[in-house]
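Asks: Prediction below, plus the sequence it came from.
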Amino acid sequence: MPVISAELATTFSDNLSVSWQTDLFGKLKRTRQQAWATLLAQQASQEALEHSVIAAVVRARVLIATLERTLHVAHDTRDSWEQTLTTVERRYRSGIAQAVEEAGADVIHVDVMDGHFVPNITIGPLVVAAARRATAKPLDVHLMVTDADAYIDQFVDAGADWITVHVEACTHLQRTLSYIRGLGLKAGAVVNPATPLETVEFVLDDLDLVMLMSVNPGFGGQQFIPATLDKIHRLKTMIDKRGLQVGIEVDGGIGVETIGAASSAGANIFVAGSAVYKSNSYRDTIDNLRALAAQGTSPIIEK
């Protein structure tokens, strides 16, 4: 008994001619070959793409390594320049401190600016330390910075004797002043031209001095703001009524034209910058400023 095996193709092509079946199988074979060729082409294309990607990654890694080496060199160069400039600045500042001390200044005033609270950047603790080694005079460090509390210890370690902070920059002014005094330094509060005196009224007992800015802080060589005279007088009255021994310091535009009026209004500490450094003789200028200020009160010439 024969066994009939029904192949799918045979079953599908039942009642069809042999030639048609042959043609169909030929088409299927060609289709399979074309599909296989397409697949091989795709694989070859994928391999080429992978090789291209690998090559690109290698090039990128080489570029990154080159950039890292370049940045490292640039960083080292920058550090070298910064060290050189800092050394030069420290020597210059310490030389100036020594020169004005010899010319008769009572205090050395150091302006510290951070480029945020005021639109300028100046010296830091390293330069203060250099000035400390160059002079025995008190160092009055004026912190014109956004976060004074973060830098107090650094300037104490550098050798500051007085530290003055801006009322506009200290959220907890009384705590800051108490901290400075607790370290054995004189504590001062600084008031900008547009800031009212009421900002220091309730911390006068925690102060050794109040510094009134007679210019807007940030740059030297500015003109004295006349309204400061009334502010000095009002502050002097406020201090005297309380029976306190709090110094009144004036910073900005102090020179031969303004120091007498500021002294008469009640100030006793005067920061003189451009008036001294642009003169031909530090000693003669300081002596002249002291004489003019003495017409109103017993002065301290600072710079």
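Replies: Happy to help now that I have it.
Asks: only C-alpha atoms for contact and neighbour calcs from this point on.
Replies: OK.
Asks: Make sure I have this right: Glu249 is in a strand.
Replies: Yes. Inclusion of Glu249 in a strand is indicated when DSSP: H, G, I helix; E, B strand; the rest coil is applied.
Asks: I'd say it and Gly266 touch.
Replies: No. At 9.5 Å, Glu249 and Gly266 do not qualify as touching, with contact defined as C-alpha atoms under 8 Å.
Asks: residue ranges of the strands in the stretch 151-300 of the chain, please?
Replies: Using DSSP state E, counting those that start in this stretch, the strands found in the stretch 151-300 of the chain span residues 162-166, 186-191, 209-213, 247-251, 269-271, 300-302.
Asks: Go through the ones you listed and name the closest to Ile123.
Replies: Evaluated over the strands of the stretch 151-300 of the chain, closeness to Ile123 peaks at strand 162-166, with 14.6 Å, by C-alpha to C-alpha.
Asks: could you dump that closest one to PDB, C-alpha only?
Replies: What follows is strand 162-166, C-alpha atoms only, in PDB (Å, rounded to 0.1, in the frame of the first residue of the first chain):
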ATOM      1  CA  TRP A 162      40.500  96.100  63.500                       C
ATOM      2  CA  ILE A 163      37.800  94.500  61.300                       C
ATOM      3  CA  THR A 164      35.000  96.600  59.900                       C
ATOM      4  CA  VAL A 165      31.900  95.100  58.200                       C
ATOM      5  CA  HIS A 166      29.100  96.600  56.200                       C
END
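Asks: how about Gly260, what does it touch?
Replies: Listed by C-alpha atoms under 8 Å, 6 or more residues apart in numbering, the contact partners of Gly260 are Leu292, Ala293, Ala294, Gln295, Gly296.
Asks: how near is it to Thr237?
Replies: Relative to Thr237, Gly260 is positioned 18 Å away (criterion: C-alpha to C-alpha, to the nearest Å).
Asks: And this structure, split by domain according to the record?
Replies: If you go by automatic domain parsing, the domain ranges for the chain are 16-102, 104-302.
Asks: Of the ones you listed, which shows the lowest average pLDDT?
Replies: In terms of average pLDDT, domain 16-102 trails the rest of the domains of the chain, at a mean of 61.
Asks: circling back: give me whichever of the domains of the chain is most buried.
Replies: The densest packing among the domains of the chain, expressed as mean neighbour count by mean count of other C-alpha atoms under 10 Å, is seen in domain 104-302 with a mean of 19.
Asks: which non-adjacent residue is nearest Ala148?
Replies: In space, and not counting its chain neighbours, Ala148 is closest to Val165: 6.6 Å by C-alpha to C-alpha, 6 or more residues apart in numbering.
Asks: List the beta-bridge partners for the one you found.
Replies: Here Val165 shows beta-bridge partners Leu143, Ala189, assigned using DSSP bridges.
Asks: how about it, what does it touch?
Replies: Neighbour list for Val165: His142, Leu143, Met144, Ala148, Gly188, Ala189, Val190 [criterion: C-alpha under 8 Å, 6+ apart].
Asks: ok, the residues you listed vs Ser274, which is closest?
Replies: The shortest distance between Ser274 and any of the contacts of Val165, using C-alpha to C-alpha, involves His142 and amounts to 16.7 Å.
Asks: Tell me the backbone dihedrals of Asn268, please.
Replies: In terms of degrees, to the nearest 10, the main-chain angles of Asn268 are phi -130, psi 0.
Asks: my guess is it meets Asp251, correct?
Replies: No. Counting by C-alpha under 8 Å, Asn268 sits too far from Asp251 to count as a contact (11.4 Å).
Asks: Show residues contacting stretch 102-122.
Replies: With contact meaning C-alpha under 8 Å, 6+ apart, stretch 102-122 is reached by 97, 101, 123-124, 128, 137-146, 169, 217-219, 271, 282-284, 286-287, 300-303.
Asks: Please convert the strands of the stretch 151-300 of the chain to a markdown table, extending it with distance to Gln174.
Replies: Converted to a markdown table, the strands of the stretch 151-300 of the chain look like this (distance: least, C-alpha to C-alpha, whole Å):
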| stretch | distance to Gln174 |
| --- | --- |
| strand 162-166 | 11 |
| strand 186-191 | 10 |
| strand 209-213 | 13 |
| strand 247-251 | 17 |
| strand 269-271 | 22 |
| strand 300-302 | 26 |
